[in-house]
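>>> Here is a sequence with its predicted model. Questions after.
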Amino acid sequence: MNVPPPRLPGTDDPRALLLALYRTAVERALPAQGLAAHLPTPPDPARGRTVVIGAGKAGGAMAAALDALWPASAPLSGLVVTRYGHVPPAWRERPGRIEVVEAAHPVPDEAGRQAAARIAQLVRGLSSDDLVIALISGGGSALLSLPAPGLTLADKQAVNEALLASGAAIDEMNGVRKHLSAIKGGRLARAAAPARMVTLLISDVPGDDPSVIASGPTVPDASTCADALSICRRYGIVLPAAARAGLESGSFETPKPGDACFRGHEWRLIATPQASLQAAAAAARSIGLAAHVLSDEIEGESREVGKVHAALARAVARRGEPFVRPCVILSGGETTVTVRARAPGAPRGRGGRATEFLLGCAIALQGQPGVHVLAADTDGIDGIEDNAGAFVAPDTLARAAALGIRPAERLDANDAYGFFSALGDLVQTGPTFTNVNDFRALLVL
């Protein structure tokens, strides 16, 4: 479905313009925009049934879109798990044919374990006449948490917390998670065989690899137990004894490409980071503003990525290279935050990838005139906070200095949230009911 670019504010209101571009990117990624073109044909109701399963931050909205589009005469049932607070209000008030439950993210909880167990049970005993529709989006790794045999939920929580603090990239984290799971890494497809399966995906990962999105519960996994062990060694992740034994013995291996359990399966991307960036770029061009998409696959330490973006914006502002101003520079991907050790008794810093990117960017910009920046997570939640992201303006550092706030100290403490909150520069949207990961826009006037 092609959505015309919205009417945007002009460059005389940089903050409103950047926020409008962010909202345009989010709108493009909503399930209702892209689901219709990818729906499979319902099975013959006299012979088979349609079972819907799924997990992710967009799970509730995907279930609502599917229910609205699926023929009323065609039977439909199933279970989808999403993050707490991410069920669309209209669906909460009037649920449809698919049950939607909530669980914790980014660290799994008992509600997620129970939901995963129920989903695994739903697909058992199906026939080749049955259809399984899997609705998969980012966040599903934590929400669909069924520990591998011999592991406990507490084991999974400990490993997950260590991975989140380690600075590991998303494909590395999910490479470990899927091997410690009884349901991810293609195992859910194995449980559903020989049913026909169609997986509909909203990508939140660089490269849009379906085996990485939510740790690929319904698609083949080319990674190995040895890979998972290597990642844990690289980042100093301490594994429970049962987890190490399962990985070292290979008993936690996942179904590989070519496995018979995937025969006849299809997967389809209904929303991607690149499509959202291109939608924002088209919106900017509609008001005569040049727009440049760097990449939807940018990874790395958030603060360092912020410095690189700042260097590019300064070059444009000061020398007109490599782009001519005025322009907006867009990028996406998934950066990481390595949580620094803090002194005993010191308060824990607050902030996610977007705000840490912005604090690194603000310090490197040095108050560069004419440069305004927004970074936000497209799911509306930056890490575990109540904001999607924040703004940086030419006067950000000056206003912080007037309040006695030292940016470098806040960055060292991983307290970017506290920095931007004190300035009143947080972007707070609430859950958006989709997730195509990081959105960054640098406006150079």
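Now that the structure is in, tell me what you want to look at.

>>> Check what pLDDT the residue sitting furthest away from the middle of the chain gets.
In the chain, the greatest distance from the average C-alpha position (CA atoms, centre = their mean) is reached by residue 46, at 38.7 Å. The score at residue 46 is 91. That number is its pLDDT.

>>> Please enumerate the strands of the protein.
For the chain, the strands defined by DSSP state E occupy 50-55, 77-83, 99-103, 131-137, 196-202, 266-271, 290-293, 327-333, 371-377, 389-392, 426-427, 438-444.

>>> Let me have those strands in JSON lines, extended by distance to residue 111.
The C-beta positions use only the backbone N, C-alpha and C, and glycine is treated the same way. Shown next, in JSON lines, are these (distance: least, CB to CB, whole Å):
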{"stretch": "strand 50-55", "distance to residue 111": "12"}
{"stretch": "strand 77-83", "distance to residue 111": "8"}
{"stretch": "strand 99-103", "distance to residue 111": "4"}
{"stretch": "strand 131-137", "distance to residue 111": "18"}
{"stretch": "strand 196-202", "distance to residue 111": "22"}
{"stretch": "strand 266-271", "distance to residue 111": "26"}
{"stretch": "strand 290-293", "distance to residue 111": "38"}
{"stretch": "strand 327-333", "distance to residue 111": "30"}
{"stretch": "strand 371-377", "distance to residue 111": "22"}
{"stretch": "strand 389-392", "distance to residue 111": "27"}
{"stretch": "strand 426-427", "distance to residue 111": "28"}
{"stretch": "strand 438-444", "distance to residue 111": "27"}
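
>>> so can I have a markdown table of these showing mean neighbour count?
Shown next, in a markdown table, are these (neighbours: other CB atoms under 10 Å):
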| stretch | mean neighbour count |
| --- | --- |
| strand 50-55 | 28 |
| strand 77-83 | 25 |
| strand 99-103 | 21 |
| strand 131-137 | 28 |
| strand 196-202 | 26 |
| strand 266-271 | 19 |
| strand 290-293 | 17 |
| strand 327-333 | 24 |
| strand 371-377 | 29 |
| strand 389-392 | 28 |
| strand 426-427 | 22 |
| strand 438-444 | 26 |
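
>>> between the ones you listed, which gets nearest to residue 410?
Closest of the strands of the chain to residue 410 is strand 389-392, at 12.3 Å (criterion: CB to CB).

>>> Sheet-wise, list the partners of the closest one with their directions.
Partners of strand 389-392 in the sheet, by DSSP bridges, are strand 371-377 (antiparallel), strand 426-427 (antiparallel).

>>> got the strands of the chain as CSV, with mean pLDDT columns?
Converted to CSV, those look like this (pLDDT from 0 to 100):
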stretch, mean pLDDT
strand 50-55, 98
strand 77-83, 97
strand 99-103, 97
strand 131-137, 98
strand 196-202, 98
strand 266-271, 97
strand 290-293, 98
strand 327-333, 97
strand 371-377, 98
strand 389-392, 98
strand 426-427, 98
strand 438-444, 97
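
>>> Of those, which is nearest residue 303?
Taking the strands of the chain one by one with CB to CB, strand 371-377 is closest: 11.7 Å.

>>> on that earlier part again, ok, now how distant is the residue farthest from the centre of the chain from residue 309?
58 Å (CB to CB, to the nearest Å).

>>> quick one, what contacts the residue nearest to residue 190 when sequence neighbours are not counted?
Counting by CB to CB, 6 or more residues apart in numbering, residue 190 lies nearest to residue 261, which is 4.3 Å off, once chain neighbours are set aside. Residue 261 makes contact with 186, 189-190, 193, 255 under the criterion CB atoms under 8 Å, 6 or more residues apart in numbering.

>>> Check those residues and tell me the two furthest apart.
Farthest pair in the contacts of residue 261, by CB to CB: 186 and 193, 10.6 Å.

>>> Nice, that's everything, thank you.
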